[in-house]
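Student: fold the following for me, if possible:
(2 chains)
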Amino acid sequence: MQTIEWTDMADVALGGAVLGAGGGGDPYIGRLMAEQSMRRQGAVKLVSIDDVDDDDLLATACMMGAPTVMLEKLPEGTEVLRAFERLGQLLGKPVKGVLCVEAGGLNSTIPFQVAAETGLPLIDGDGMGRAFPELQMVTFTLHGVSATPMVLADDKGNSVVFDTISNHWTERLARSCTVDMGGSALVAFYAMSGKTAKQALVRGTLLLAQRIGQAHRQAQKDKTDPREAIIQVTNGVRLFDARVADVERRTVGGFARGEARLIGQNDSRGDEYALSFQNEFLVLERNGETYLTTPDLITLLDQDTGQPVPAEQLRYGLRVTAIGIPSDPKWHTPGGLALVGPGYFGYDVEPRSLDTLPVRREA
Amino acid sequence: MKRIGIDVGGTNTDAVLIDGRKVIAGVKSATTEDVTGGVLNALRRLIEDIALDPQSIDVIMIGTTHFTNAVVEGKALDPVAALRIALPATACLPPMIDWPDDLRQTIGNHAYLAKGGYEFDGRKIAELDPAEIERIAQACKAKGLSNIAISSVFGPLNSEMEKEAEKIIRAILPEANITLSADIGRIGLLERENAGILNACLQSLSSRVIQAFDEALKEAGFVCPFHLTQNDGTLLSAAQARRYPVLTFASGPTNSMRGAAFLTGVKDAIVVDVGGTTTDIGALRKGFPRPASLSVEVGGVRTNFRMPDVFSIGLGGGSLVRETEGGGVTVGPQSVGFRLTTEALVFGGDTLTTSDIAVATGAANFGDHSKVKHLPKDLIAKVRARIGEMLFESVDRARLSSEPLPVIVVGGGSMLVPDTLGELNVVRPENYAVANAVGAAIAQVGGEVDRIESLGEQSRSDVMHKAKQEAIAKAIEEGADPESTEIVDMEDLPLAYLPGNATRIKVKAVGELMHA
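Tutor: Next up, the predicted model:
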């Protein structure tokens, strides 16, 4: 077991942004909320799923909607707790631990608030190992876990219970309900037993987020390269240094899509890259050929600060270091690729994993 | 129109006189503790130098860092009541939640939350409850709080509730200084609210400073109105600056870049401002600095002002030059700073600086040339090449597109910059040393629209057109000449993870100040 103090949340938030792979929303508000709860209620116990009984009931908490809206309409604060409590009532059995659905972006921080306020342990891991845009895109779906019963709660005290025929339907119905609730809402869902979670979880990702933030902070203090520190902690690969030469954006169905053109620098001088994103960075091409794709993580770090660069902040002239972080092996199975591979996002390319890169094979 | 621009910097207070579009004279004077003393000295010098008749001046523009410094130092700040209209939303993170403890204590930590606010699509989160606002106003009265900052959720989208609350409070506290978040900030509740609170805590100071400027100008014989410059390169009247001192934050770099644009007539360029220790680099688009996209902290408080996107490198006229073991050279970031005139070789010192290299190559003409005669040619060549590399890399980083923009060089260390950087031409304006004050003198009047629109039922072009008209109307209302008012910045950012095509729209219009 690990104890996470409120003062650790800045590290978790930075790590969450790295695991966001360009998306997932700014963790700042979630971090502040978790900090408030942890200052009041004390530290959060972060436990390994191996220390959870097979029969224990676990449930998942997160935010749904537009992170940009949440920067203006901050949550009331008890939404996620109400949703969590209501879900517990529906399940008819006490919930024994809190799960995280998405270790990338804003949702890396929300479960810390829930754990602090309920006094329940937080399970170290999540359902993605990164950020993805839709709620069925979790390893839980691969293991047959239903998102429902699910409770969606807003700032006014409304809550809606969903019972659906598939996780795709849950995504669809909950998304439009979120709009009526003001563009962002909080969710409790994906209840499962300890036994199922041992199979379905991407393990260790919350502690990883904290360690990423810590490594970044330490490197800045020691005046060493924070990018290398992040690569080391994540078992990642330094892909290339580049300058952003062009960014094109459009919105399709509420998701910010686009493509950035990057011109290689230093060791990659002469190479040209195209990076496609739909909130998250999903497909990277080098000199016209597929180089790396979802589900592995493509993350851009600012060359000067080592800070992760979200897709919405990409702009001409920005100098970045692209790194690749391996995703959980569950995502590389046929079922995983059907759910979150490039094809699902509408890209007509074969998935390419980090393991196919020469730099990785040599290592 | 004859105008004077004044830039109150950390070390120098500069003043320039501009007639029409011509720079007539520029002077430098030391900045004084009370700010107005330095301004008065600069103005008196200008009057003496060119036998200026103060009565002939139409308007004076002042750029100052005084209010920023007050917040950074936590000095001369008033207690503030921060009222947020938002409940039930936002309850978990009350006003000033993310402030440094000492600054929060300095202004009293009086945070109030009330029902109300708007959703992103314009619906009300809750109705405003006048009785609740009255109770809060009574509490402020009991505590003797008269500086009040009001914010509401999506206030920039609809400021009705903030205005309504102001009215209710004013009925109970007629003398209150009230700041509305919708008047000073953009989307991003905590950052906008923070800016509002900072503004409210500067009210006594702004009254004093504006009055002192007024008295100093009168004392020097000027009868014209004066304005202060704000961070986006536009103007605040003296009365507005008294109410919204927070808007003057970070006007320095903006003035320097705007001055560079004016002195050269170039509106799209990279500006390089070379000082003694550092060089600031930024991009100009349509005559205005490109704003930074990230939130900016002032005194440890997150705000979302449109600060210019300027970055600094450790290169200046006083930068140390050193030879490395491998036969290379390093330049900076260490600098002799203000000791240049005693420590550099050409001034009889024993430290090799970039200024010595500039004198040795003939790019600069000061000090004792004989002291740098011994420098080997290949060393000089290497240093020049290194400086060229440092500048090229920075300039390249600041470029907005692959288009070959000119590079405008201003500041006291301008002679370090070679005539070309890569394929880019370097432009050196006259009066480069007082570009900041020139930037203040030519500040324009602006109007801005920033809100979220749902594009579901209306076309994008209709929405943009409406926003443009509104921004222009705002600028004209602020005193811009309708003839010269134009849109200088426009962007729409789709909101991610939300169907219905909700889009954040930002439009900015500016025009020349209409001469009264």
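
Student: CA only for contacts and neighbour counts going forward, please
Tutor: OK.

Student: number of residues surrounding the nearest residue in space to B:K373 that is not next to it in sequence?
Tutor: Using Cα to Cα, 6 or more residues apart in numbering or on different chains and skipping the chain neighbours, the partner closest in space to B:K373 is B:A360 (6.8 Å). The number of residues packed around B:A360, counting by other Cα atoms under 10 Å in any protein chain shown, is 22.

Student: how much space between B:A360 and chain A?
Tutor: Look at B:A360 and chain A: by Cα to the nearest Cα, to the nearest Å, they are 33 Å apart.

Student: what's A:E134 in contact with, if anything?
Tutor: Contacts for A:E134 (Cα atoms under 8 Å, 6 or more residues apart in numbering or on different chains) come out as A:E171.

Student: pairing partners for the strand or helix carrying B:I60, with directions?
Tutor: Counting by DSSP states H and E, the secondary-structure element that holds B:I60 is strand B:59-64. Strands adjacent to strand B:59-64 in the sheet, as given by DSSP bridges, are strand B:2-8 (parallel), strand B:226-229 (parallel).

Student: residues contacting A:L284?
Tutor: Residues in contact with A:L284, defined by Cα under 8 Å, 6+ apart, are A:Y273, A:A274, A:L275, A:S276, A:T290, A:Y291, A:L292, A:T293, A:I298.

Student: the closest residue in space to it that isn't next to it in sequence: neighbour count?
Tutor: What sits nearest to A:L284 in space, not counting adjacent residues and going by Cα to Cα, 6+ apart, is A:L275, at 4.6 Å. Taking other Cα under 10 Å as the neighbour definition, A:L275 ends up with a count of 20.

Student: helices and strands around the helix or strand where A:L275 lies, which ones?
Tutor: When secondary structure is defined using DSSP H and E, the element that contains A:L275 is strand A:272-278. Using 3 or more Cα pairs under 8 Å, 6 or more residues apart in numbering or on different chains; DSSP states H and E as the contact criterion, the elements in contact with strand A:272-278 are strand A:255-265, strand A:280-286.

Student: average pLDDT across the helix or strand harbouring B:I178?
Tutor: Element membership for B:I178 (DSSP H and E) is strand B:177-180. Summarised as a single mean, pLDDT over strand B:177-180 is 96.

Student: show residues contacting that strand.
Tutor: Under the contact criterion Cα under 8 Å, 6+ apart, strand B:177-180 has outside partners B:146-151, B:162-163, B:166, B:196-197, B:199-200, B:203, B:243-244.

Student: select from those residues the one having the most neighbours.
Tutor: Counting neighbours by other Cα under 10 Å, the top entry in the contacts of strand B:177-180 is B:S151, with 34 neighbours.

Student: so the helix or strand containing that one, near chain A or not?
Tutor: For B:S151, the enclosing helix or strand under DSSP H and E is strand B:147-152. No - residues of strand B:147-152 contacting chain A under Cα under 8 Å from any Cα of the partner chain: none, with a closest distance of 9.2 Å.

Student: and chain A, which residues reach chain B?
Tutor: By Cα under 8 Å from any Cα, the residues of chain A that approach chain B are A:32-33, A:36, A:65-69, A:71-78, A:133, A:155-156, A:175-176, A:179, A:182-183, A:245-246, A:250-251, A:253-256, A:279, A:313, A:316-319.

Student: can you select the buried ones from those residues in ChimeraX?
Tutor: Entered in ChimeraX, the line below selects the buried ones among the residues of chain A next to chain B, by 16 or more other Cα atoms under 10 Å in any protein chain shown:
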select /A:32,33,36,65,66,67,68,69,71,72,73,74,75,76,77,78,133,155,156,175,179,182,183,245,246,251,254,255,256,279,316,317,318,319
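
Student: max-length helix in chain A?
Tutor: In chain A, assigned by DSSP state H, the helix with the most residues is helix A:205-222.
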